[in-house]
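K.L.:
Sequence plus the predicted model coming up.
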Amino acid sequence: MTIIKLSRSLLLFSLSFLACKTTPPERWDTFRVNPRISRNKAFTIMDTQKELMTFPHQDTALKRSSMVSILTGDLHSRQDSLNSNFNTCTAYLSKSDTLHINIGLHSLFGGSGFIISCYDSRFYTEGYEYSDVVYSGTDKPQHWVIRQELTLDRAKYKAGDSLYGYINFKAAERNELGDTVIYSGKGNFRAKVKKSRFDN
């Protein structure tokens with residue numbers, strides 16, 4: 001009887017250890033299409049504001065590309081951060097026809113935000129943080145979606161198209177140091193779709 005209990009304990013321990021080390025599968029959900037989303041009041045407000053200048057020699061005539069509120073942590077309310085919607089949006093088509101929408105804040109020293117990958121009417125959201133500091137962690141980062149919903153103004157895009165959308169998501173990352181980071185974001189965004197220079 002003791003041997004059976006010991007065997008069960010070892011089996012449960014092994015399974016829980018493997019569960020911690022197993023990379024969660026990517027969760028791809030279907031996005032909604034709303035051709036009239038560009039008429040949303042948020043975009044009218046964005047037309048009155050200049051784009052955030054994150055790099056030298058950036059076009060000063062650009063209008064705001066994002067009003068998405070991005071937070072790192074469990075809570076998400078208007079009181080969480082007054083600067084949570086200080087970010088920009090870019091969109092790229094890869095050679096595999098996957099659309100990548102990058103919403104975040106970037107500089108020469110680091111950045112944070114999230115990437116929405118879209119392919120064949122489905123999408124996957126992944127948060128990120130990076131800096132010029134090199135970490136000594138050995139674990140490969142793991143990402144998983146807690147919830148996500150996305151609305152775009154069309155089902156497919158080509159380079160040169162204007163893109164309008166709305167995102168509401170919550171996702172998690174276990175980083176190189178083994179820390180779990182929660183990302184959440186919601187709000188409207190827009191971008192001009194470009195062709196990616198990389199095969200991603």
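P.N.:
Noted; the coordinates are in hand.
K.L.:
What are the buried residues along stretch 100-108?
P.N.:
100, 101, 102, 103, 104, 105, 106 (16 or more other Cβ atoms under 10 Å). Every residue, glycine included, has its C-beta placed from N, CA and C.
K.L.:
distance of the fifth one from residue 64?
P.N.:
Yep, that's residue 104 we're talking about. Counting by Cβ to Cβ, to the nearest Å, the gap from residue 104 to residue 64 is 14 Å.
K.L.:
which ones among the buried residues of stretch 100-108 are found in strands?
P.N.:
Using DSSP state E, the subset of the buried residues of stretch 100-108 located in strands is 100, 101, 102, 103, 104, 105, 106.
K.L.:
which other helices and strands contact the host helix or strand of residue 187?
P.N.:
Assigned by DSSP states H and E, residue 187 belongs to strand 180-195. Counting contacts by 3 or more Cβ pairs under 8 Å, 6 or more residues apart in numbering; DSSP states H and E, strand 180-195 is packed against helix 41-46, strand 69-72, strand 88-93, strand 99-107, strand 122-131, strand 162-174.
K.L.:
Export the ones you listed as JSON lines, with columns for distance to residue 27 and mean pLDDT.
P.N.:
Converted to JSON lines, the helices and strands packed on strand 180-195 look like this (distance: least, Cβ to Cβ, whole Å; pLDDT from 0 to 100):
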{"stretch": "helix 41-46", "distance to residue 27": "27", "mean pLDDT": "95"}
{"stretch": "strand 69-72", "distance to residue 27": "19", "mean pLDDT": "87"}
{"stretch": "strand 88-93", "distance to residue 27": "21", "mean pLDDT": "95"}
{"stretch": "strand 99-107", "distance to residue 27": "17", "mean pLDDT": "89"}
{"stretch": "strand 122-131", "distance to residue 27": "7", "mean pLDDT": "87"}
{"stretch": "strand 162-174", "distance to residue 27": "9", "mean pLDDT": "95"}
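K.L.:
Tell me which of the ones you listed sits nearest to residue 187.
P.N.:
strand 69-72 (5.2 Å; Cβ to Cβ).
K.L.:
Name every strand pairing with that closest one and say which way it goes.
P.N.:
In the sheet, strand 69-72 lines up against strand 180-195 (antiparallel) (DSSP bridges).
K.L.:
Any buried residues in the strand it pairs with, and which?
P.N.:
181, 182, 183, 184, 185, 186, 187, 188, 189, 190, 191, 193.
K.L.:
okay, the spatially most central residue of the chain: pLDDT?
P.N.:
With distances taken as Cα atoms, centre = their mean, residue 114 lies nearest the centre of the chain, 2.4 Å away. pLDDT for residue 114: 93.
K.L.:
mind checking which helix or strand it is in?
P.N.:
Counting by DSSP H and E, the element that carries residue 114 is strand 110-119.
K.L.:
and the direction of that strand versus that of strand 162-174, what angle?
P.N.:
With axes from the mean of the first three to the mean of the last three Cα atoms, to 10 degrees defining the directions, strand 110-119 sits at 110 degrees from strand 162-174.
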